[in-house]
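Chemist: My questions are about this predicted structure, shown below with the sequence.
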Amino acid sequence: MAEEKQCGACMSPAGACACGKSPSRRTPLAFLRAWIRLAAGFFAGSLFSRQMRGRLRRFWAGNFRRGYVKRQLARRRGECGQCGVCCALGITCPALRQAGCCSIYTTGGRPRNCEIFPLDEKDLADVKLSGGACAYWFEPETKAG
Ligand code: SF4
Ligand code: SF4
């Protein structure tokens, strides 16, 4: 009986792989790349990723988009309910106490990101997706005439 040649990639007889890919392309590096792509795809769609993007967005706006921040805060309404959900978006702030209290709230040492939260409806949505309900809300945007 003739010995069947194995391609080694999926243990199918050579030339009969269902995927049709050449065995020569299935190097360890190709597998690594595939796993990285898979992990990146999973991360991109995760809540953690969204929360971290929100942090970056607020950092950028707080430091480089002063006009936008001013407009947004002008239409923000309500008061902080001190639920602490925004303090644990993505990563939990070390200054957050168990009771949902900020240990540096009265010291004036809070980062600007905290002072401007929530900055827009995306932030409200982030809190909601994280299981909370921010007590702030925004007046509808008015078009400048
Ligand atoms: S510094 Fe205070 S307000 Fe800001 S995220 Fe931390 S606990 Fe929350
Ligand atoms: S989610 Fe809203 S209500 Fe809760 S602590 Fe943050 S700003 Fe305050």
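Modeler: Sure thing, it's come through. Ligands and ions are numbered 1, 2, ... in the order given.
Chemist: Going by residue numbers, what spans are strands in this structure?
Modeler: Along the chain, the segments classed as strands by DSSP state E run 76-77, 137-138.
Chemist: Which neighbouring elements make contact with the last one?
Modeler: This points to strand 137-138. strand 76-77, helix 121-129 (3 or more Cβ pairs under 8 Å, 6 or more residues apart in numbering; DSSP states H and E). For every residue, glycine as well, the C-beta is placed using N, CA and C.
Chemist: again, only using 10 Å
Modeler: Applying 3 or more Cβ pairs under 10 Å, 6 or more residues apart in numbering; DSSP states H and E, we find strand 137-138 packed against helix 66-74, strand 76-77, helix 121-129.
Chemist: quick one, which of the ones you listed is nearest to ligand 1?
Modeler: Ranking these by proximity to ligand 1 (Cβ to the nearest ligand atom) places helix 121-129 first, at 12.4 Å.
Chemist: in this structure, which helix or strand is least confident?
Modeler: The helix or strand of the chain with the poorest confidence is helix 28-44; it has a mean of 75 (mean pLDDT, DSSP states H and E).
Chemist: Near ligand 2, which residues of this protein are found?
Modeler: 80-86, 117-118, 127, 132, 134-136 (Cβ under 6 Å from any ligand atom).
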